[in-house]
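Q: model this:
(2 chains)
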2 protein chains.
Amino acid sequence: MITKESLSRNLLAAQYAVRGPIVHRAQQLEEQGRKIIYCNIGNPQALKQKPLSYLRQALSLLEYPPLLERQEILHSYPRDIIEKVKSILERHPHGTGAYTQSAGIPFIRQAVADFIHKRDGIPTDRDHVILTDGASKGVQASILALLKKPNDGFMIPIPQYPLYSATITLYGGKQIGYFIDEENGWQLNETILTASVEKAKREGIDPVAIAIINPGNPTGAVLSYENITMIVGFARRFNLSIMADEVYQENVYDPKAKFHSFAKVMHEIGETGVSLFSFHSVSKGFLGECGHRGGYVEFRNIPDDVLSELVKLQSISLCANVDGQIATYLMVTPPKVGDESYETYVKERDGILAALKAKAELLGEEINKIDGMSLAVPQGAMYAFVKFELPPDPRVDMSTMSNVERLDYESKRDEHYCLGLLEKAGLCVVPGSGFGQLPGTLHFRTTFLPPLEEIKEFVKKLKEFHLRYVQKLEESYQLSHS
Amino acid sequence: MITKESLSRNLLAAQYAVRGPIVHRAQQLEEQGRKIIYCNIGNPQALKQKPLSYLRQALSLLEYPPLLERQEILHSYPRDIIEKVKSILERHPHGTGAYTQSAGIPFIRQAVADFIHKRDGIPTDRDHVILTDGASKGVQASILALLKKPNDGFMIPIPQYPLYSATITLYGGKQIGYFIDEENGWQLNETILTASVEKAKREGIDPVAIAIINPGNPTGAVLSYENITMIVGFARRFNLSIMADEVYQENVYDPKAKFHSFAKVMHEIGETGVSLFSFHSVSKGFLGECGHRGGYVEFRNIPDDVLSELVKLQSISLCANVDGQIATYLMVTPPKVGDESYETYVKERDGILAALKAKAELLGEEINKIDGMSLAVPQGAMYAFVKFELPPDPRVDMSTMSNVERLDYESKRDEHYCLGLLEKAGLCVVPGSGFGQLPGTLHFRTTFLPPLEEIKEFVKKLKEFHLRYVQKLEESYQLSHS
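A: Just a heads-up that it's a prediction; the model follows:
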């Protein structure tokens, strides 16, 4: 029989905190009847966000096309949705039940190319688009393809979304963490980037790519045009491919912030030498269709023979699920002014985005009022990365610790805090150490997805818990020093 | 910019013939207006097999639950389907739009466990089931988990479904091919297995698992109870995990053959030491829902801490798509006698299976009549692996070739034949070298999925092409020797 010893060392080493032991404990408590506010994961529809009627009406018809022959359906579904479904079935008569081409249904890849063209005003090519089971699978495939030898390194932000660290570990590559700049609204900093990559090279690591998450997860920050230009130049200088995780491109709330795609910036500054992989998904934005696992990766500055290899990689697991492919199509071809479904679509879309904005602001402002807590009010995405301070633990003498011991201690400390927050207050968040953080700092990531009333409850309970937690530490500190 | 040189050597080396250059050429010809009969891939609904109404009606409601409030739907959909959908939504109110637990929705895993219990009369445990995006993703995850070092070897049948060879190559492991016995209805042969594993060990390979496809792809063979018992004993002796690919378990046409799961056989012979991974899918059987990418892997004789690691692996890409999870649920909980949808379900199911059986027999019998062609009439699955003979090519002197050159020549020879079959006759099949074959033999794999009329046309055109092809070879042979 196999044992843990039989398993891949890389698998054993991989960590994925967003679904780690704290979430497991939360599920246990919930089964025991406790009310838990889940702020650990960007899973909007699990937190009562409603799906868009437009998307779901179309999918219901595609799953069972005989509905199209039913008068009552024809009369009650918006006309444009029926026409759209018919046109999908004309171009793709196999519907949702057959494997598609490995890269995805051709007209959907064309629609994605058109969407990017329209968004950015730049030339696009459907053959540079592969449809994937959510953005995660696209990211994983790209890392697998670019990882040639065990000392190949991928630059990832710290804090980062742990898909990156876990996948690099899983496939046996090296992480090159670069700290992003909390003091400057979590933008990237060229000095830090350069120092990180040069340190890695001195350690024998061969950097091959840099991953950027914009808008940021877990930070909620939106990168400026200048910042992106700087990153592209940096990538060129160090001969890195860029992996641009742009799944939150629709989630920008701060009127002063604007989403700029890497594709657009690279086109505008005439960058044709840096290879770009950009990722998008139906899981975020105002769709929040995480369960459908739809998404795409678009490639730029990539030769045809490389493209063929990327398509071959996709072909080994056949193709992305077709409902997800179609959800992607519906995302990139929304109803137009004058369409019968347009008004509902706009109302639902704007309602979701307005609610997210209000919740982001409320969460940001209220947490900033808590003594010992601070955060940049999220400009985008679905997350806040909250910095918190704790008094020293009297049982611990940090002055005698090595760096590794200190990191280990700090990660246990934020885990202990978050576990307490769950046990005492029923709030499920993810410790900062799961994403990475500047040594000596403590954070947790929370989403602002639950309904507004729950966000209010969240902030209130968080404050109470934090004050008690700090007070207890202080008391025991005074006790031990008295 | 990256070049092919920048990519993973393992990716470059991986091959996946089922979607290789011949299929690409077929798509080109079709775009030019040629009629192509696609027999290259087990993709039933692309070949006009209709989806089951039961499954699609349920999915249509789940995609857009407001349909459940519509009187006309309530009146026209079968009562039991409406109840089933309501009960799904009660247990899983997030519907299709939210991420699920990493291993999949708990009640669906329970239903899978119940299905296996009912099928095999053996104890089952939902916590040993993980829902996956089709069986392919389950196979890939298992190989990734079991691959600890580059000389770890996976035994795979020859011929095999290239998912196995491609994935092992991709993740950097070693293949240990074992020939299956064409003369004995493609059963496994203990002498050959032992010789293969011992040869591998002498070459420094460390065998960790054996993959078995039953019913067989590309062979269409169904393994006997005794054969499975032998394999389990072999795995125990060499301390191998078993990967049992059982996606064709419902596709058994020969009344003398019967599907036995590895789980059942292992339970009945009291085998508790061999770790088992078994795979099933909604893509095959009579569902043919390839596009939905639903499936599961069940584990046996696997300790809890290993199980946790396998769930963690799944968590890194979040969860399988929810429509696929629900399709799996519908597969394992079909309508029961007395349910309103039962009759339609049985009629559709039996119609599909009867048609497949008729097509398997027709194809088998007719091809066996062609001079120089032979095959075991498929007992199951969706494929026939056809053996064919060609006269020697006058331009080639095989006596001076090394073994490697000879294999290379033979694989080019069957590729050339299959490409001709496509160009001249419009028939798209996959060369035997894509699956592996005994040196000195030539094969191609064909499905028997197209409608009966097309199968007839297929056999007729195949015969004409083959005779002409052989004749031409003979003529040029005589010419060169005259």
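Q: For chain B, tell me whether stretch A:128-137 is touching it.
A: Yes - Stretch A:128-137 comes into contact with chain B (CB under 8 Å from any CB of the partner chain), by way of A:133-134, A:136-137. For every residue, glycine as well, the C-beta is placed using N, CA and C.
Q: does chain B sit close to stretch A:48-64?
A: Yes - counting by CB under 8 Å from any CB, chain B is contacted by stretch A:48-64 at A:51, A:53, A:56-57, A:59-61, A:63-64.
Q: Which one of those residues sits in the busiest neighbourhood?
A: In terms of neighbours by other CB atoms under 10 Å in any protein chain shown, these top out with A:E63 at 28 neighbours.
Q: Quick check: pLDDT value at it.
A: pLDDT, A:E63: 97.
Q: Check A:S341 too.
A: Per-residue pLDDT puts A:S341 at 97.
Q: what stretches of chain A score poorly on pLDDT?
A: Applying pLDDT under 70 to chain A picks out residues A:481-482.
Q: all strands for it, in order.
A: A:37-38, A:129-132, A:152-158, A:174-179, A:206-213, A:241-245, A:276-281, A:295-300, A:373-374, A:383-388, A:427-428, A:430-431, A:442-447 (DSSP state E).
Q: Kindly provide the distance from the residue nearest to A:N217 when sequence neighbours are not counted to A:N214.
A: Leaving aside its sequence neighbours, A:N217 sits nearest to A:Y161 (CB to CB, 6 or more residues apart in numbering or on different chains; 4.5 Å). Distance of A:Y161 to A:N214, computed by CB to CB, to the nearest Å: 12 Å.
Q: got it, and A:G204?
A: Noted for A:G204: a distance of 30 Å to A:N214, by CB to CB.
Q: ok, the two, which is more surrounded?
A: A:N214 (30 against 9).
Q: wait, doesn't that one sit right on A:Y225?
A: No - counting by CB atoms under 8 Å, A:Y225 is not a contact partner of A:N214; they are 11.2 Å apart.
Q: Just read off the phi/psi values of the residue nearest to A:P303 when sequence neighbours are not counted.
A: Among residues not flanking A:P303 along the chain, B:T3 sits closest, at 6.1 Å (CB to CB, 6+ apart). With angles defined as degrees, to the nearest 10, B:T3 sits at phi -130, psi 180.
Q: Which residues are in contact with A:K174?
A: By CB atoms under 8 Å, 6 or more residues apart in numbering or on different chains, the contact set of A:K174 is A:150-154, A:168, A:200, A:205.
Q: Tell me which two of the residues you listed sit farthest apart.
A: A:P150 and A:A200 (13.6 Å; CB to CB).
Q: ok, the two, which is more surrounded?
A: The residue with more neighbours, out of A:P150 and A:A200, is A:A200; 21 against 13, by other CB under 10 Å.
Q: does that one really touch A:I176, like I thought?
A: Yes - assessed by CB under 8 Å, A:A200 is found in contact with A:I176 at 4.3 Å.
Q: can you list residues touching both of those two?
A: Common contacts of A:A200 and A:I176 (CB under 8 Å, 6+ apart): A:153, A:155, A:207.
Q: now the last one, which residues is it bridged with?
A: Just to be clear, that refers to A:P207. Under DSSP bridges, the beta-bridge partners of A:P207 are A:G153.
Q: and the residue nearest to A:N217, backbone torsions?
A: When read as degrees, to the nearest 10, the backbone of A:Y161 gives phi -80, psi 130.
Q: residues touching it, list them.
A: Applying CB under 8 Å, 6+ apart to A:Y161 gives the contacts A:18, A:213, A:217-218, A:245, A:435.
Q: Alright, calling it a day.
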